[in-house]
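1. Here's a sequence, model it:
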Amino acid sequence: MSNGRIPEEIIESVLKHHDIVDVVGRYVHLSKQGHYMKGLCPFHSEKTPSFTVTPEKQIYHCFGCGAGGGVIQFLMAMEGYSFAEAINQMAKEANLDIGIDAQADQRPQQNPEKTKLLEAYELAGKLYQYILKNTEQGKQAMQYLRSRGLNDKQIETFGIGYAPTQWDTLTQLLERRQFSLPLMEKGGLISARQDSQGYFDKFRDRIIFPIHDWKGQVIAFAGRAMGDVQPKYLNSPESMLFYKSRSLYNMHLARPNIRKHQQLVLFEGYMDVIKAWEAGVVNGVATMGTALTGEHAEMIRKQADQVIVAYDGDSAGQAAAYKSIPILEKAGLLVKVAIIPNGQDPDEYITSNGSERFVREVIEAAVPSIKYKLLYFRKNFKLQEDGEKLRYIQQALKIIADIPSPIEREHYVRELSTEFNYSYESALQTLNEIRLQTEKNNKFGDNKDKPWNNVMNDGTPRQQNPSLYLAYHNAERQLLAIMMYDREVTHYVERELGDQFNVDAHAALAAYLYAYFAQGYEPNASSFIAMLQEAELESLASSIAMMGNSHGVNDQVIDDYIREIKKYPQQQLIKRKREEMIRAERSGDIIRAAQIGIEIISLEKQLKLS
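-> Model prediction:
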């Protein structure tokens, strides 16, 4: 089995110190259902839980997308770890000294340019921090940060620095350290002069906010001007390290708190995140000076169930908050929106009113998305005029009609009718008419672009994985399920069947099981899957392992499965012979057809006796 340089006894030792329910529970809200734990799959969009964790077997499997494996595979999928990195992380958490360096897992796909760029960004970040804290040049920048209410702890926590006014401070340092300047330009740290005679720094005379990836590595910078210079914020260009649509500021620090509470607060700006952090909102992130994307929403959904959108209180911020709602809800997130009065942004509100009021009156008072939509549209109507009032009620009912929950719809209809002193029955009738018309308009689909969203898609049947396998295929799966939990059965199958499995992936799993037990390991699905290190086989093995081995196993059952597996090649041969006989008859070769007929009779007799 391929597991790099890591001995299998070390893998076993690490697995013994981790329960899959505890590890998966950091990322997925699990609820108990009999012998299983179920939750929404973190690897694809779904509304009905199909992600299953089996504590007894220490495996997980999603019946929606097919993802599956043990705790190591889960961490690799969620965190992007290599096999060695996952083992090392688990060992650290268990306080085990396994004597293995994750960096020893040198993957051939490792991009040396990315490695050098990461080194350069780390060096640049340290340079900017040093200049801010220790030089005459940084004093004005430090005074500016103090005037914005930032203290030393915040500056240190977020790695804030200062890029001096000189044109080539960073360029000279990179050149002295023998970094490739063309690569540094490609990575967004420096720019080429127009005359192609050298390079100059990308950031000059700006406060520098480092942008990190999920591992905490610096991958880009945001530079803020201290005066009226435009643009106010200058971000690193997109590079092989940095993609705005896939990056969220402060995710590396906020992620543990996001997972713990299954809630994320989404801000527009870096300063908002930093000031909110000091106020106790330690689950806040921000987009990178770009509109929220579906990719952002999918990133968030992997970390949390609920999002509080805390954008600026001005009209632009509130419009952006409104646009974010369908993007986040499409990803399956519960959305609330924080309303900041007087057009202030979170930074300004905290400075003016203090941390406690911000948490209590803004974050904790965030309203459900439907409530926000009603408030957002309300300001466009002059409600003191009867005509405008009726138009607003009609608009509000259209918004309420989109709510899937009947109880929620009833709640908002009743609230609306009470506020405007209209008949609840009339309002409800109008709502139902709107819903009926919408259903007619959407008769041919709901425009969901994910086939696994568990609701109607486009009204046409989709190709699904077959729920019933052919006899030989089912026999192979059942036999492998028994083998995973029984060493003696595996030895017997190896003698009687060997590599005669008809499905290539089944034959591969069988070969791995033969080797696994030959090395003296005890039956353990999680340990076995951990040693496969091939995504497709891990998923298949987890699916088969979920079947278990408690379905009336005896010697006769095992022999019946083996017999069924061996029969299939002979059945296929008979089928080909029949086709060959028909061709011979059609071509007029009666003698050849008769000879083939005799062969078929002989093969069928053998099949009956087998």
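2. what about the residue lying closest to His35 once chain neighbours are set aside, how many neighbours?
-> Leaving out its chain neighbours, the residue that sits closest to His35 by C-beta to C-beta, 6 or more residues apart in numbering is Glu56, at 6.4 Å. (Each C-beta comes from the backbone N, C-alpha and C, glycine too.) As a burial measure, Glu56 scores 9 neighbours (other C-beta atoms under 10 Å).
3. buried stuff in stretch 162-173?
-> Residues of stretch 162-173 classed as buried under the neighbour-count rule (16 or more other C-beta atoms under 10 Å) are Tyr162, Ala163, Pro164, Asp168, Thr169, Leu170, Thr171, Leu173.
4. Run through the neighbouring helices and strands of the helix or strand containing the last one.
-> Assigned by DSSP states H and E, Leu173 belongs to helix 169-176. Using 3 or more C-beta pairs under 8 Å, 6 or more residues apart in numbering; DSSP states H and E as the contact test, the elements touching helix 169-176 are helix 112-134, helix 181-186, strand 190-192, strand 199-201.
5. Pipe the ones you listed into TSV and attach mean neighbour count per row.
-> As requested, these are arranged in TSV below (neighbours: other C-beta atoms under 10 Å):
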stretch	mean neighbour count
helix 112-134	18
helix 181-186	16
strand 190-192	18
strand 199-201	20
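6. among those, which is nearest Leu470?
-> Comparison of those against Leu470 by C-beta to C-beta identifies helix 112-134 as nearest, at 46.1 Å.
7. Counting neighbours, what do you get for Gly280?
-> Counted by other C-beta under 10 Å, the residues lying close to Gly280 total 12.
8. Quick check, it in contact with Ile350.
-> No: Gly280 is beyond contact range of Ile350, at 10.4 Å (criterion: C-beta atoms under 8 Å).
9. can you confirm the residue nearest to His35 is in a strand?
-> No: using DSSP: H, G, I helix; E, B strand; the rest coil, the assignment for Glu56 is coil, not a strand.
10. Torsion angles phi and psi at it?
-> Dihedral pair for Glu56: phi -60, psi -40, per degrees, to the nearest 10.
11. could you dump the helices and strands packed on helix 169-176 to TSV with mean pLDDT?
-> Below are the helices and strands packed on helix 169-176 laid out as TSV (pLDDT from 0 to 100):
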stretch	mean pLDDT
helix 112-134	95
helix 181-186	96
strand 190-192	95
strand 199-201	96
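12. With just CA atoms, put stretch 426-446 into CSV.
-> Extracted in CSV, the C-alpha atoms of stretch 426-446 (Å, rounded to 0.1, in the frame of the first residue of the first chain):
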residue,chain,number,x,y,z
SER,A,426,-57.5,39.1,2.2
ALA,A,427,-53.8,39.5,2.5
LEU,A,428,-53.4,35.7,2.7
GLN,A,429,-55.6,35.2,-0.4
THR,A,430,-53.5,37.7,-2.3
LEU,A,431,-50.4,35.9,-1.2
ASN,A,432,-51.8,32.5,-2.4
GLU,A,433,-52.7,34.0,-5.8
ILE,A,434,-49.1,35.3,-6.1
ARG,A,435,-47.7,31.9,-5.2
LEU,A,436,-50.1,30.1,-7.7
GLN,A,437,-49.0,32.5,-10.5
THR,A,438,-45.3,32.0,-9.6
GLU,A,439,-45.8,28.2,-9.7
LYS,A,440,-47.3,28.5,-13.2
ASN,A,441,-44.4,30.6,-14.4
ASN,A,442,-41.9,28.2,-12.9
LYS,A,443,-43.7,25.1,-14.1
PHE,A,444,-40.7,23.8,-16.0
GLY,A,445,-38.1,24.3,-13.3
ASP,A,446,-36.7,26.2,-10.4
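13. Please identify the buried residues of it?
-> Going by neighbour count (16+ other C-beta under 10 Å), the buried part of stretch 426-446 is Ala427, Leu428, Thr430, Leu431, Ile434, Arg435.
14. could you give the mean pLDDT of it?
-> The average pLDDT for stretch 426-446 rounds to 80.
15. before we move on, back to that, relative to helix 112-134, how tilted is the helix holding Leu173?
-> Helix 169-176 and helix 112-134 are oriented at 130 degrees to each other (axes from the mean of the first three to the mean of the last three C-alpha atoms, to 10 degrees).
16. wait, Lys38 sits on Thr52?
-> Yes: shown here, Lys38 and Thr52 form a contact pair, counting by C-beta under 8 Å, at 5.6 Å.
17. Who's the closest spatial neighbour of His212, skipping the chain neighbours?
-> His252 (4.5 Å).
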